[in-house]
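*Asks:* need the 3D shape of this:
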Amino acid sequence: MKIRFAWALATTLLLAALLVMSIHAGMEQRLVTVSYEGWEQLQQLASWGLQIIHYQGDVLAALCHDEQIEALRQVGFEVHVLDPAADPNLYYLAYPFPGSDLAALSEVEAAYAYGRDVFIIRSTPARAETLAMRGVDLVKLPRSIVLPKPQRMMAGVQASLTYSPAVQTMVDAVSPTLLIHHVCKLQDRDALTYCNELGTRYSYATAGLNEAAQYLYDEYAALGLSVTYDPFVENSTPMTNVVAELPGVGPGSDHIFILCAHYDSISENPDNVAPGADDNASGCAAVLEAARILSQHQFSRTLRFIHFAGEEQGPWGSAHYARQAHQRGDPIDGVINLDMIGYESVPPNDHIVEIHAGTDPASIALADALIDNISEYGVNLVPQEITTNATWRSDHGSFWSRGYPAILGIEDFDDFNPHYHSTNDTLANMQAQMMLEYTRASVATLAELASQPHVSSSTPTPTHTPTPTPTYTPTPIRIYVPVVRKAQM
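*Replies:* Reported below is the predicted structural model:
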């Protein structure tokens, strides 16, 4: 679709529609999709006060009144009404498992196609939970999202990162033995033999989830890091995130980079057995091991190592954390989220992984930094950078919703783990080398980024004044082959 219109006319019409909306506060909202072209146009729509609840490559979902819908159509936007009687408390993104039976979606109140292999569903939390147990990934949609201000888009990530022998030493220090140990401790049930496959970290299996949270807490405390529980309640069930921090030193130390992974698990029998080795003990192990290595050094930026609960249902824990971080005004310059980093088919043993960056230029810059470090430090991965078709189906999406740069590191979706969300998701069915390489890449990237000179930037906040933004055309996919570069003398 090619949209042609005068920006001044569009602004007048949309602001008039917003005025009508404020006068008639009780007017019924519709759930709609709006097609748009590029990051600049998305920013413009947000600046007009459109209540956006989600966006992807070329379409967004929003809550609109009839006047807004008419104004958008008059200036050339393609608007489709999905739900004429919107209830913002009941919407989820639903990603069915590849090749799965879509009949599961018929169990919810409504399901609307929304791009490639993704649906917006209207569902109660109880019905949504049955989908999660059947292998459907869910993302609870907020009532509105925040887009980053243009001036902070590139502030946190610099393109001048160069090879460092000191960082190489950190990368080489990653221990495969400790990574495997962490997976064992998270997949097993403590009362039984070491590394058994009978544990569960299901969000509603409180004892198992608490056992895992205590393990994570104790590991960070043993490293001498400041560690806290970050409790929250969903569906009347108490849960907690685990947050460890390595404070920065000097100017810019209030600025933050986050390495995170969810620690809950799910299966077809989650109350009893959900070992969740690849999904997502692998990501948790990488975060723990990165913290062990990085905590032995000082950096100019603050590093936070976070494990989220409730990802399989929401993602609840990260939504809670990102919302509070935004309310506090935390200057988070980048989030690296690791989810399912320990599987590939053997053969072909091709080491292909995916880095989901979305279309925010700051997130793309963060992905570029990770990918460049894969090459720079001899990490044995072949990364594919995903922009236009990036998925929101993990904890990074919660930070996108609050205007923070974030990326997802995950294994190849085209070589997906067949043991996903099952009792067979165990260490025995992982390829631990993949987890090792992803950890090495994460250590290199955090060490590089956290050592940067301070660059002033502002916390993302909603913007209601049209602001010119730089033109940016994202590349849908980039494939890199690792090349080891020698240190310059």
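
*Asks:* pLDDT at residue 115, what is it?
*Replies:* In this prediction, residue 115 carries a pLDDT score of 84.

*Asks:* list the contacts of it.
*Replies:* 56-57, 59, 389 (CB atoms under 8 Å, 6 or more residues apart in numbering). Where C-beta positions appear, they are placed from N, C-alpha and C, glycine not excepted.

*Asks:* quick check, residue 61 in contact with residue 32.
*Replies:* Yes. Between residue 61 and residue 32 there is a contact at 7.2 Å, judged by CB atoms under 8 Å.

*Asks:* which neighbours do the two have in common?
*Replies:* Counting by CB under 8 Å, 6+ apart, the shared contacts of residue 61 and residue 32 are residue 82.

*Asks:* ok, back up a step: quick check, nearest of the contacts of residue 115 to residue 199?
*Replies:* Closest approach between the contacts of residue 115 and residue 199, by CB to CB: residue 389, at 34.3 Å.

*Asks:* any idea how far that closest one is from residue 413?
*Replies:* Here the distance between residue 389 and residue 413 works out to 10 Å (CB to CB, to the nearest Å).

*Asks:* okay, buried residues for stretch 212-229 please.
*Replies:* Across stretch 212-229, burial judged by 16 or more other CB atoms under 10 Å covers 212-213, 215-217, 219-220, 223, 225, 227.

*Asks:* please save the CA atoms from that stretch in CSV.
*Replies:* The C-alpha coordinates for stretch 212-229 follow below in CSV (Å, rounded to 0.1, in the frame of the first residue of the first chain):
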residue,chain,number,x,y,z
ALA,A,212,14.6,-22.5,41.2
ALA,A,213,14.4,-18.9,42.4
GLN,A,214,16.3,-19.7,45.6
TYR,A,215,19.0,-21.5,43.5
LEU,A,216,19.4,-18.4,41.3
TYR,A,217,19.5,-16.0,44.3
ASP,A,218,22.1,-18.1,46.1
GLU,A,219,24.3,-18.3,43.0
TYR,A,220,24.4,-14.5,42.7
ALA,A,221,24.9,-14.0,46.4
ALA,A,222,27.9,-16.3,46.2
LEU,A,223,29.4,-14.1,43.5
GLY,A,224,29.2,-11.1,45.9
LEU,A,225,26.6,-9.3,43.7
SER,A,226,23.7,-7.3,45.0
VAL,A,227,20.7,-9.6,44.5
THR,A,228,17.0,-9.1,45.2
TYR,A,229,13.6,-10.7,44.7
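
*Asks:* just to revisit the earlier point, so which of the contacts of residue 115 sits lowest on pLDDT?
*Replies:* For those, the pLDDT minimum is residue 57, 85.

*Asks:* hang on, that residue packs against residue 359?
*Replies:* Yes. Applying CB under 8 Å, one finds residue 57 in contact with residue 359, separated by 6.4 Å.

*Asks:* of those two, give the one with the bigger neighbour count.
*Replies:* residue 359 (22 against 17; other CB atoms under 10 Å).

*Asks:* that one and residue 204: what is the separation?
*Replies:* Residue 359 sits 35 Å away from residue 204, taking CB to CB as the criterion.

*Asks:* looking at the buried residues of stretch 212-229, which is nearest residue 86?
*Replies:* Residue 86 lies nearest to residue 213 out of the buried residues of stretch 212-229, by CB to CB, at 35.9 Å.

*Asks:* show the contacting residues for the closest one.
*Replies:* Neighbour list for residue 213: 229, 240, 242, 263, 307, 309 [criterion: CB under 8 Å, 6+ apart].

*Asks:* just the element for it, please.
*Replies:* Counting by DSSP states H and E, the element that carries residue 213 is helix 206-222.

*Asks:* and residue 32, by the same measure?
*Replies:* If you go by DSSP H and E, residue 32 is part of strand 30-35.

*Asks:* partners of that strand, with directions?
*Replies:* Paired strands of strand 30-35, with direction, are strand 59-64 (antiparallel), strand 79-83 (antiparallel) (DSSP bridges).

*Asks:* kindly export it (C-alpha atoms) in CSV.
*Replies:* Output in CSV follows, covering the C-alpha atoms of strand 30-35 (Å, rounded to 0.1, in the frame of the first residue of the first chain):
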residue,chain,number,x,y,z
ARG,A,30,-12.7,-0.9,18.5
LEU,A,31,-9.7,-3.2,18.2
VAL,A,32,-8.2,-2.3,14.8
THR,A,33,-5.2,-2.9,12.6
VAL,A,34,-3.5,-0.1,10.8
SER,A,35,-1.0,-0.6,7.9
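
*Asks:* for the contacts of residue 213, which one is nearest residue 79?
*Replies:* Closest to residue 79, out of all of the contacts of residue 213 and judged by CB to CB, is residue 309, at 37.1 Å.

*Asks:* so what's the closest one scoring on pLDDT?
*Replies:* Looking at residue 309, the pLDDT reads 98.

*Asks:* tell me the spacing between it and residue 266.
*Replies:* Separation of residue 309 from residue 266 (CB to CB): 12 Å.

*Asks:* ok, residue 211 - contacts?
*Replies:* By CB under 8 Å, 6+ apart, the contact list for residue 211 reads 190, 199, 201.

*Asks:* quick one, which of those residues are buried?
*Replies:* Of the contacts of residue 211, these count as buried by 16+ other CB under 10 Å: 199, 201.

*Asks:* and the contacts of residue 211, which is closest to residue 141?
*Replies:* Distances from residue 141 to the contacts of residue 211, taken by CB to CB, are shortest for residue 201, at 24.6 Å.

*Asks:* where's the closest one relative to residue 78, distance?
*Replies:* 43 Å.

*Asks:* tell me the mean pLDDT over the helix holding residue 213?
*Replies:* Across helix 206-222, pLDDT averages out at 97.

*Asks:* chain center to the helix or strand just after that helix, what's the gap?
*Replies:* The first helix or strand that comes after helix 206-222 along the chain, using DSSP H and E, is strand 226-234. Centroid separation for strand 226-234 versus its chain: 19 Å, with CA atoms, centre = their mean, to the nearest Å.

*Asks:* and for stretch 369-389?
*Replies:* 17 Å.

*Asks:* stretch 264-274 now?
*Replies:* That offset, for stretch 264-274, works out to 22 Å (CA atoms, centre = their mean).
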